[in-house]
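Q: coords below, sequence missing:
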């Protein structure tokens, strides 16, 4: 009886040690600013991004470089201040074309697949990793992808829930810029 009790205690201690070790060295989760569903694995864990320290990050799986703040917000060194600027699609394309951020001038609007690649499925309101993209807003963000079956519409990622939706080009939405190869 004593031997069996000792085995159970030792096994419990080993399991607890393994759980603690995994929690300290395991994958970093995405930090949600709004609501979080812990039953869903992180789609964009913080460790999937390399922080350049200048308000931009590289998403390792796609090798795309993203602005941490939406256009209209300013990088403070630890977060984003201000409110995202809401523009129509033509103005958003123009802002992206003229942008010079962190010494780079090849910024652009992401296509629908690229912008969808940073949606954090375990988070909503907003559906984005709040550690990587601090002070992010929900709502629609422009892509560069027109809706081919509907003239005058463009794909927008709605970061309230992370859904891809067609919206009119004349609408007003935020934008987050990207640079690097296309997906």
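A: Everything's here; your move. Note that this is a predicted model, so its numbers are computed, not measured.
Q: hey, let's count contacts and neighbours off CA atoms from now on
A: OK.
Q: Find the residue ranges of the protein scoring beneath the pLDDT cut-off.
A: 1-29, 182-183 (pLDDT under 70).
Q: just the strands in it please.
A: In the chain, the strands defined using DSSP state E lie at 35-36, 49-51, 56-59, 64-67, 74-75, 80-81, 123-124, 140-146, 153-158, 163-168, 178-179.
Q: Same list, the ones you listed, but as a markdown table with distance to residue 91 and mean neighbour count please.
A: Putting the strands of the chain into a markdown table (distance: least, CA to CA, whole Å; neighbours: other CA atoms under 10 Å) gives the following:
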| stretch | distance to residue 91 | mean neighbour count |
| --- | --- | --- |
| strand 35-36 | 32 | 15 |
| strand 49-51 | 28 | 17 |
| strand 56-59 | 22 | 21 |
| strand 64-67 | 18 | 22 |
| strand 74-75 | 19 | 17 |
| strand 80-81 | 22 | 18 |
| strand 123-124 | 27 | 24 |
| strand 140-146 | 11 | 23 |
| strand 153-158 | 13 | 24 |
| strand 163-168 | 13 | 17 |
| strand 178-179 | 16 | 21 |
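Q: Out of these, which is closest to residue 94?
A: strand 140-146 (11.4 Å; CA to CA).
Q: Please convert the strands of the chain to JSON lines, extending it with distance to residue 97.
A: As requested, the strands of the chain are exported to JSON lines (distance: least, CA to CA, whole Å):
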{"stretch": "strand 35-36", "distance to residue 97": "34"}
{"stretch": "strand 49-51", "distance to residue 97": "23"}
{"stretch": "strand 56-59", "distance to residue 97": "17"}
{"stretch": "strand 64-67", "distance to residue 97": "14"}
{"stretch": "strand 74-75", "distance to residue 97": "18"}
{"stretch": "strand 80-81", "distance to residue 97": "22"}
{"stretch": "strand 123-124", "distance to residue 97": "30"}
{"stretch": "strand 140-146", "distance to residue 97": "12"}
{"stretch": "strand 153-158", "distance to residue 97": "17"}
{"stretch": "strand 163-168", "distance to residue 97": "21"}
{"stretch": "strand 178-179", "distance to residue 97": "11"}
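Q: the helices in this structure, which residues?
A: 2-25, 89-98, 112-116 (DSSP state H).
Q: Point out the one among the strands of the chain that comes closest to residue 106.
A: Residue 106 sits nearest to strand 178-179 of all these, at 6.2 Å, using CA to CA.
Q: Thanks a lot, see you next time.
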